[in-house]
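Q: fold the following.
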Amino acid sequence: MAKPTAQKGMTLIEILLALIVMGLGVLGILALFPPAMESAKESVEETNAAIVGESVAQGLTTAVRLAAWDPAATNTICALTHDLQIGSIRMKYRFVLPKIQTSSDPVWMHFPGSTSPSDPDSGMQLPSPYDPEGDARLFMLAGDGWVKQTTDNVKQVNDPTDSYNQFAFSFDVRKVFTQEYLLKPTPQPNPDKQGANYTYQDVDPMMKLYEFRIYVFRTAQQLNSISTGGGGGGGGGGTSVMPGPGPGGGTAIRNLVGVLSKRIAAQ
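A: Now for the predicted structure:
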């Protein structure tokens with residue numbers, strides 16, 4: 001009769017080594033999840049920022065092309081109609097287009113000019129250097145009551161993380177010096193004024209092109225910055241984001257998600 005062969009199994013050390021190798025593999029896979037989730041979050045924010053930026057750009061295009069001349073103030077006034085809120089202003093925001101009146105390069109004007117802008121808003125000259133994330137002058141979204149009700153329903157029923165009303169925007173504008181050759185290096189004769197040369201006041205109305213720079217932000221709240229009830233910058237009542245560092249004070253957090261540039265020609 002044949003002698004039975006001895007059966008050999010895995011030793012404890014072999015099992016331990018197998019578990020270590022498997023554990024390292026699982027940990028390597030798990031380590032990929034946080035960067036992937038962060039990348040997905042950034043992708044969603046950038047997509048939303050692009051949508052908001054294009055929407056604001058379209059609103060500004062319409063506003064510039066329908067701008068009205070104010071003979072009393074000798075200014076061109078635009079009316080931006082968009083889902084926005086700042087201070088007591090909602091939905092319709094009027095601002096003054098900048099002029100070219102000096103020999104220096106056209107300056108950038110920032111809008112809104114303050115956390116409680118006037119109507120119309122003349123804006124504020126953009127400082128150099130400029131930190132967008134440190135500036136509290138923002139238009140919050142969800143200023144329209146119907147939009148806010150819709151986003152609140154989405155939060156309560158479908159997606160509690162929906163953040164539409166946590167997005168905000170602001171913009172800079174400057175006039176493009178398209179007729180510079182009439183003034184530099186030396187002023188050219190003005191045929192409409194006998195014996196006189198062109199001045200900046202003469203040339204400014206002839207230039208109709210404006211350059212806009214739109215900033216889109218994702219805002220967040222710190223615990224000591226939350227207020228409830230109507231008003232505020234949170235978009236139509238409820239919890240609101242308080243102004244942060246910069247003009248207006250406060251401690252709200254703002255992350256710059258995207259910047260969109262666009263040139264718009266007036267009629």
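
Q: sticking with the spatially most central residue of the chain, tell me its helix or strand.
A: Central residue of the chain (Cα atoms, centre = their mean): Val216, 1.6 Å from the mean position. Secondary structure assignment for Val216, by DSSP states H and E: strand 209-220.

Q: who does that strand touch, helix- and strand-wise?
A: With contacts taken as 3 or more Cβ pairs under 8 Å, 6 or more residues apart in numbering; DSSP states H and E, strand 209-220 sits against helix 33-65, strand 167-175, strand 253-265. Bear in mind the C-beta positions are built from the backbone N, C-alpha and C, glycine included.

Q: hmm, back to that, quickly list what the residue nearest to the centre of the chain is bridged to.
A: For Val216, the beta-bridge partners under DSSP bridges are Phe169, Gly258.

Q: show me the contacts for it.
A: Each residue near Val216 by Cβ atoms under 8 Å, 6 or more residues apart in numbering is listed here: 49, 52-53, 56, 167-169, 256-260.

Q: ok, which of the helices and strands packed on strand 209-220 comes nearest Gln101?
A: Judged by Cβ to Cβ, the one of those that comes nearest to Gln101 is strand 167-175, at 9.9 Å.

Q: most tightly packed of the helices and strands packed on strand 209-220?
A: Of the helices and strands packed on strand 209-220, the one with the most neighbours on average (mean count of other Cβ atoms under 10 Å) is strand 167-175, at a mean of 22.

Q: give me the distance from it to the chain's centre.
A: Offset of strand 167-175 from its chain centre (Cα atoms, centre = their mean, to the nearest Å): 7 Å.

Q: before we move on, back to that, so how far is Leu19 from the residue nearest to the centre of the chain?
A: Here the criterion is Cβ to Cβ, to the nearest Å. By it, Val216 lies 49 Å from Leu19.

Q: do the same with Val176
A: As judged by Cβ to Cβ, Val176 and Leu19 stand 68 Å apart.

Q: between the two, who's got more neighbours?
A: Each of Val176 and Leu19 has its neighbours counted (other Cβ atoms under 10 Å); Val176 has more, 16 against 10.

Q: and the nearest residue to Thr62 once chain neighbours are set aside, what does it touch?
A: Nearest residue to Thr62, sequence neighbours excluded (Cβ to Cβ, 6 or more residues apart in numbering): Thr81, at 7.3 Å. Contacts for Thr81 were tallied using Cβ under 8 Å, 6+ apart; they are 59, 62-63, 91-92.

Q: helices along the chain, start to end?
A: Secondary structure of the chain (DSSP state H): helices located at 12-31, 33-65, 145-153, 200-203.

Q: related to what we said a few turns ago, ok and the strand holding Val216 relative to helix 33-65, angle-wise?
A: Between strand 209-220 and helix 33-65, the angle comes out at 140 degrees (axes from the mean of the first three to the mean of the last three Cα atoms, to 10 degrees).
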